[in-house]
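Undergrad: take this sequence and fold it.
(chains A and B)
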Number of protein chains: 2
Amino acid sequence: MSLSMYQASVPVFIRALNNLAAILEKAAAHCEAKKIDPAALLGFRLYPDMFHFTKQVQVACDHAKNGAARLAGVEAPELGGGEQSFAELIERIKKTIAYLQTFKPEQIDGSETREVVLKRGETVTTYKGQDFLLNRALPNLFFHITTAYDILRHNGLELGKKDYLGR
Amino acid sequence: MSLSMYQASVPVFIRALNNLAAILEKAAAHCEAKKIDPAALLGFRLYPDMFHFTKQVQVACDHAKNGAARLAGVEAPELGGGEQSFAELIERIKKTIAYLQTFKPEQIDGSETREVVLKRGETVTTYKGQDFLLNRALPNLFFHITTAYDILRHNGLELGKKDYLGR
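TA: This is a model prediction of the structure:
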């Protein structure tokens, strides 16, 4: 086994999203046990101009989905949108994982120098695949998953680093 | 250029820590401009049993330092400790970066299957280098940097994703 672009992307994304789904299961159970309206967590933001919890999860899914697609040089489908509950967010994560599982190593291996073009409004940024994976896709994915975790911890959910890292 | 264990670790750690140092510079300037006691941010926790800001930064440094050392199979030195100000934390980050810069690619390349043994109290966990890097060192580093960022955002500091990702 030697490190490859596929190894450093798809299985890492899938693991992180599986951990996130398990965290959401805990959040749903917590709301049920404590008779908390799930909307109080789903709509929670750490600061008014930050994304709320639901959006953090949606964006994490999109960074994984689009990250793999961009490295493979294919167009990513829209998956989900408008989720309103923990169950729907978990479904979104599962759909994203199922999509990631369709990638074959040979689609992504060798993408170190493949051009990845990101358009945000009028701004176009071009990356090499390796730079995109290590300095954009992975940090972004972990950013949104960590912030979702931080929102839940801030609201008293009992979670530990093991929930974030997985086993 | 093809992806290697060195490429996926040391330069990624250094970039993330440089971004963190720049965020700390902004936090220090913010305290100065708004006449905020820096201790209010340095000691801030998102929840009582989470690490405070200072500890998040210290732990981020240690994950980078120890991550590189473990992949290289060398003993990491103690760097810093007891930091009490943004300036001291930035100094700690800079020392960590200087240490990371001492690693040569050939010390870390080929460590995919090298055994990494982590001891926490009585628990001993053994990883293969690749698993350790992708599923422990990188997620941990980004976790603590993101949580430090989230603490500052939660306290009103004007930061954006660009500060976290770098340019």
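
Undergrad: CA only for contacts and neighbour counts going forward, please
TA: Will do.

Undergrad: show me the contact partners of the lowest-mean-pLDDT helix or strand in chain A.
TA: When the helices and strands of chain A are scored by mean pLDDT, DSSP states H and E, strand A:115-120 comes last with a mean of 90. Applying CA atoms under 8 Å, 6 or more residues apart in numbering or on different chains, the external contacts of strand A:115-120 come out as A:R70, A:L71, A:G73, A:V124, A:T125, A:T126, A:Y127, A:K128, A:G129, A:F132.

Undergrad: which of those residues are buried, as a ChimeraX select command?
TA: Those of these that count as buried under 16 or more other CA atoms under 10 Å in any protein chain shown are selected in ChimeraX with:
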select /A:70,71,73,127,129,132
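
Undergrad: okay, and which of the contacts of strand A:115-120 map to strands?
TA: Residues of the contacts of strand A:115-120 located in strands (DSSP state E): A:V124, A:T125, A:T126, A:Y127, A:K128.

Undergrad: identify the bridge partners of the third one.
TA: Going back to what we said before, that points to A:T126. On the basis of DSSP bridges, A:T126 is bridged to A:V117.

Undergrad: for it, give its distance to chain B.
TA: From A:T126 across to chain B, the span is 12 Å (CA to the nearest CA, to the nearest Å).

Undergrad: got it, and the first one?
TA: From A:V124 over to chain B the distance is 14 Å, taken as CA to the nearest CA.

Undergrad: A:K128 now?
TA: In this view, A:K128 and chain B are 10 Å apart by CA to the nearest CA.

Undergrad: scan chain A for its longest helix.
TA: In chain A, taking DSSP state H as the definition, the longest helix is helix A:10-34.

Undergrad: tell me which residues touch A:Y127, please.
TA: A:E115, A:V116, A:V117.

Undergrad: from chain B, how far out is it?
TA: For A:Y127 relative to chain B (CA to the nearest CA), the value is 11 Å.

Undergrad: show me what contacts A:F53?
TA: Contacts of A:F53 by CA under 8 Å, 6+ apart are A:L41, A:L42, A:G43, A:F44, A:R45, A:A148, A:I151.

Undergrad: quick check, pLDDT for it.
TA: On the pLDDT scale, A:F53 is placed at 98.

Undergrad: find the nearest non-adjacent residue to it, please.
TA: Excluding the flanking residues, the one nearest A:F53 by CA to CA, 6 or more residues apart in numbering or on different chains is A:L42, at 5.0 Å.

Undergrad: okay, the one you found: pLDDT?
TA: A:L42 carries a pLDDT score of 98 in this model.

Undergrad: right, and it touches A:Q56 too?
TA: No: under the contact definition of CA atoms under 8 Å, A:L42 does not touch A:Q56, with a separation of 9.6 Å.

Undergrad: so who does the residue nearest the centre of chain A touch?
TA: Nearest to the geometric centre of chain A sits A:A60, at 2.5 Å (CA atoms, centre = their mean). By CA under 8 Å, 6+ apart, the contact list for A:A60 reads A:N140, A:L141, A:F142, A:H144, A:I145.

Undergrad: can the helix or strand harbouring the fourth one be found next to chain B?
TA: Spelled out, it's A:H144. Counting by DSSP states H and E, the element that carries A:H144 is helix A:138-154. Yes: applying CA under 8 Å from any CA of the partner chain, one finds helix A:138-154 in contact with chain B at A:P139, A:N140, A:F142, A:F143, A:T146, A:T147, A:D150, A:R153, A:H154.

Undergrad: same question for that helix, mean pLDDT?
TA: Regarding helix A:138-154, the rounded mean pLDDT is 98.

Undergrad: packing partners of it?
TA: Judged by 3 or more CA pairs under 8 Å, 6 or more residues apart in numbering or on different chains; DSSP states H and E, helix A:138-154 is in contact with helix A:10-34, helix A:53-72, helix B:138-154.

Undergrad: any idea which helix or strand comes after the longest one?
TA: Meaning helix A:10-34. Where DSSP H and E defines the elements, the next helix or strand beyond helix A:10-34 is helix A:38-42.

Undergrad: what's in contact with that next one?
TA: Here helix A:38-42 has contacts from A:A28, A:C31, A:H52, A:F53, A:T54, A:Q84, A:S85, A:F86, A:I151, A:L152, A:N155, using CA under 8 Å, 6+ apart.

Undergrad: work out the gap between that helix and the centre of the chain.
TA: For helix A:38-42, the distance from its own C-alpha centre to the chain's C-alpha centre is 19 Å (CA atoms, centre = their mean, to the nearest Å).

Undergrad: could you do stretch A:14-25 as well?
TA: Taking the mean of its C-alpha atoms, stretch A:14-25 sits 9 Å from the chain's own mean (CA atoms, centre = their mean).

Undergrad: just the CA atoms of that stretch, as CSV, please.
TA: C-alpha atoms of stretch A:14-25 as CSV (Å, rounded to 0.1, in the frame of the first residue of the first chain):
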residue,chain,number,x,y,z
ILE,A,14,-16.2,8.5,3.7
ARG,A,15,-14.8,7.9,7.2
ALA,A,16,-15.3,11.6,8.2
LEU,A,17,-18.9,11.6,6.9
ASN,A,18,-19.6,8.3,8.6
ASN,A,19,-18.4,9.8,11.9
LEU,A,20,-20.6,12.9,11.2
ALA,A,21,-23.6,10.7,10.6
ALA,A,22,-23.1,8.9,14.0
ILE,A,23,-22.8,12.3,15.7
LEU,A,24,-26.1,13.3,14.2
GLU,A,25,-27.7,10.1,15.5
